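Peer 1: Pasting a predicted model and its sequence here:
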Amino acid sequence: MTVIADYIGKSARENVEAAISKARENEEFNAILAYADKRALERADKVDNGEITGRLAGVPFIAKDNFLTLGAPTTASSNFLKDFQAPLQATAIEKLEAEGAICIAKANLDAFAHGGSTENSAYGPTKNAFDKERVAGGSSGGSAVVVALEIVPFALGSDTGGSIRQPASFNNVVGIKPTYGTVSRYGVVAMASSTDTIGVLSSSVEDAETVMDILSGKDSKDMTTLDDFFTPQVLDGPKKIGIIKEFMDEGVDPEVKAATEAYVEALKQKGHTVEEVSMSLLKYALAIYYIVVPAEISSNLGRYDGIRYGNRAEASTLGEVYGLSRDRGFMPENKRRIMIGSYVLSSGYFDAYYLQAQKARTLLINEFNTLFQTYDALIGPVAPTPAFKLGENTSDPVKMYLADIMTVPASLAGLPAISVPAGKSQAGLPIGVQLIGARKSDSLLMAIAKDVE
């Protein structure tokens, strides 16, 4: 199944105009922060004139607003970067444009990608595509919703601890978090440098595969990128898959558990072997994540001070410039993570917290590697529940963090993971399941997902 194919060969201008029109019709969801319509239409005309060609010629897409793009501001959904016009484009955007794709708008997110609901945006929350009283998920909530509403066939997102997979699950779309280093992060506002990945949200696995094939590969501007290993493939026979016991235990919504079990049955009907596996270190993954990631956040956000980067507050002293600029520029969740990160990196607590977390992270990676000696992939839910209501978890940060409990392990280990639709709850809310693979097994995961899709 492919939606992208429906755009190929048609008038690029008509594709772009239709997408922008549909986006404006759905502004009540607050999924889009800014339009790049002038530049998009100029590129569309060049496609129609034959000046621009490529595999995605004339196909519109939307980028999460932490990607630097021309034609629209890049705010990272923060007041700090309000109205910021990027002087260059992210490598991911450049690669897509080289194949003729057209960026029409920027999608809403949690400010600086800190959050799991897109309620931490300085420009208001994005609403779920299936229930406007519920969250879109985060931090790539806007990107998931524009695909779910069929505004564009695909959107770009970033995934640090589940920020593509969880909103994909909440909005019934496909979400790809590739192996760490598969796609260049150059030109994307940094969150946590050791877990940040660039991925795709789409209507089908096949479309995500097409886009990932374009995005992947080495980039001299990002030294963490890997040589291009991604090659779309078809399965060469049945695979052995492990269903993670800890992800199916007490605390998981019964409807989420049932949807996951139904997907497992679909895998079995295709001839795959599915067995239960246990991972003793998963119970520590969330604690590891919320030590390591805030530490990296505090470092990456140090540059935003109103002098080097970001909007500057009017003040009479240098100290007030720093203080007021950061107070007005950062959202409460940004400040919370900076404070946690600064604490665990401080001289008195570095060994007790940060160093221990990194050691535990290595043990978790080793546990995954041991399983992948026997299994081709692992499976489990994406989140413990379907989308929760707007405002339900905002007063309790720990409760919000617990929504990431099933997505952070793959991020800590740098593993590829894909969220695919697995059904809906009785209330009509989408439920996704997650396939996790060994490093560089991205193509295999997509082949398994396509087999069921």
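Peer 2: Everything's here; your move. Numbers count the residues shown, from 1 in each chain.
Peer 1: What ranges does the stretch 301-450 of the chain have for its helices?
Peer 2: Here the stretch 301-450 of the chain has its helices, by DSSP state H, counting those that start in this stretch, at 318-329, 332-345, 356-371, 397-402, 408-412, 442-452.
Peer 1: typo on my end, the stretch 101-250 of the chain
Peer 2: 141-148, 165-170, 205-215.
Peer 1: average model confidence for the longest one?
Peer 2: If I follow you right, that is helix 205-215. The average pLDDT for helix 205-215 rounds to 98.
Peer 1: which outside residues touch stretch 297-317?
Peer 2: With Cβ atoms under 8 Å, 6 or more residues apart in numbering as the test, stretch 297-317 has contacts from 79-82, 112, 114, 190-193, 320-330, 334, 337-342, 345. C-betas here are computed from N, CA, C, even on glycine.
Peer 1: Can you tell me the SS state at the closest residue to Ile93 other than its chain neighbours?
Peer 2: Nearest non-adjacent residue to Ile93, counting by Cβ to Cβ, 6 or more residues apart in numbering: Thr69, 5.4 Å away. Taking DSSP: H, G, I helix; E, B strand; the rest coil as the rule, one finds Thr69 in the coil state.
Peer 1: Which one of the helices of the stretch 301-450 of the chain lies nearest to Lys132?
Peer 2: helix 397-402 (19.9 Å; Cβ to Cβ).
Peer 1: Which neighbouring elements make contact with that closest one?
Peer 2: helix 285-300 (3 or more Cβ pairs under 8 Å, 6 or more residues apart in numbering; DSSP states H and E).
Peer 1: which parts of the helix it packs on are buried?
Peer 2: 285-286, 288-300 (16 or more other Cβ atoms under 10 Å).
Peer 1: returning to what we had before: residues near the residue nearest to Ile93, how many?
Peer 2: Close neighbours of Thr69, defined as other Cβ atoms under 10 Å, add up to 26.
Peer 1: Do me a favour and get the backbone dihedrals for it.
Peer 2: phi -140, psi 160 (degrees, to the nearest 10).
Peer 1: And for the one 4 residues further on?
Peer 2: Note on Pro73: its backbone torsions stand at phi -60, psi 160 [degrees, to the nearest 10].
Peer 1: Am I right that it is in contact with Ala34?
Peer 2: Yes: counting by Cβ atoms under 8 Å, Pro73 touches Ala34, with 5.4 Å between them.
Peer 1: for this structure, what helix or strand is lowest in average pLDDT?
Peer 2: The helix or strand of the chain with the lowest confidence, counting by mean pLDDT, DSSP states H and E, is helix 397-402 at a mean of 89.
Peer 1: how far does it sit from the chain's center?
Peer 2: Distance of helix 397-402 from the chain centroid (Cα atoms, centre = their mean, to the nearest Å) equals 18 Å.
Peer 1: what comes up buried for it?
Peer 2: Those would be 397, 400-402, for helix 397-402 by 16+ other Cβ under 10 Å.
Peer 1: Contact partners for Leu56?
Peer 2: So Leu56 contacts 4, 8, 96, 99-101, 210-211, 214 (Cβ under 8 Å, 6+ apart).
Peer 1: That one in helix, strand or coil?
Peer 2: On the three-state scheme (three-state DSSP), Leu56 is labelled coil.
Peer 1: just the buried members of the contacts of stretch 297-317?
Peer 2: Using 16+ other Cβ under 10 Å, the buried ones in the contacts of stretch 297-317 are 79-81, 112, 114, 190-192, 321-322, 325-326, 329-330, 334, 337-338, 340-342, 345.
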